[in-house]
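Colleague: Here is a sequence with its predicted model. Questions after.
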Amino acid sequence: MPVLVLEQNENDLLEFETKIDKLLLIVKLCSIMVEIGKSFIKAKSNFINGIWDLLVYFKDDPLIISSLNRIVHTLTELLKYDTILIDQANRAVGKNMSTFLRDDIHKAKDTKRHFDKMSDEYDSMLNRHSQIPRNKANECEEVSNLLTATRSCFQHLTLDYVTQLSVLKNKKRHEVLDSVKSN
């Protein structure tokens with residue numbers, strides 16, 4: 001039964017990894033959007049400064065000054081909201097999701113590689129232990145000690161791997177929802 005649960009969690013992780021490709025695309029698109037948004041904000045700020053220059057030129061015409069002041073005020077308010085939107089998109093999607101992908105997913109993949117390697121080493125050690133002639137006490141004791149050490153290492157790594165899968169399974173929901181919610 002525990003092996004079945006482990007396989008289900010591994011399969012779930014593999015399925016999630018296929019979805020990650022789309023998620024990575026979203027993170028990249030968000031980064032591009034943030035950069036374009038920063039350029040847009042800079043251009044809008046320059047435009048507002050240009051209108052301010054017009055205000056100085058038309059300082060004697062109250063009708064134009066009044067109209068241009070309203071435009072500058074409205075554009076300045078829009079600029080503030082654009083800045084907030086770009087900042088939130090960058091923090092939520094860009095930073096949170098890329099950190100989750102970079103740190104948590106890669107950590108689980110690394111642990112999986114170590115788990116597979118240790119599993120192979122444990123299998124070979126069991127095979128080696130089974131082929132030792134029992135009449136060679138010194139060699140038998142040495143292989144038995146190696147088997148005990150390998151088994152212990154495998155058990156610890158198995159617990160670490162299962163824990164990481166469990167944490168990742170629970171964390172992925174929260175990370176995705178928090179990223180979307182924070183916008």
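Modeller: Sure, I can see it.
Colleague: Can you list the low-confidence ranges for this protein?
Modeller: 1-3, 21, 93-95, 176-183 (pLDDT under 70).
Colleague: Domain map for it?
Modeller: 15-93, 103-182 (the TED database).
Colleague: can you name the farthest residue from the center of the protein?
Modeller: Most distant from the centre of the chain: Asp60, at 56.8 Å, with distances by C-alpha atoms, centre = their mean.
Colleague: that older thread, could the domains of the chain go into a markdown table alongside distance to Leu6?
Modeller: C-beta: built from backbone N, CA, C; applies to glycine. Shown next, in a markdown table, are the domains of the chain (distance: least, C-beta to C-beta, whole Å):
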| stretch | distance to Leu6 |
| --- | --- |
| domain 15-93 | 15 |
| domain 103-182 | 6 |
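Colleague: And the helices in the chain, which stretches?
Modeller: Under the criterion DSSP state H, the chain contains helices at 2-57, 62-89, 98-99, 106-131, 137-181.
Colleague: distance between the shortest one and the chain's centre?
Modeller: Relative to its chain's centre, helix 98-99 lies at 3 Å (C-alpha atoms, centre = their mean, to the nearest Å).
Colleague: which residues sit against stretch 33-51?
Modeller: 68, 71-72, 75-76, 78-79, 82-83, 85-86, 89-90, 94 (C-beta atoms under 8 Å, 6 or more residues apart in numbering).
Colleague: The same query, at a cut-off of 7 Å, please.
Modeller: The contact list for stretch 33-51 (C-beta atoms under 7 Å, 6 or more residues apart in numbering) reads 68, 71-72, 75-76, 79, 82-83, 86, 89-90, 94.
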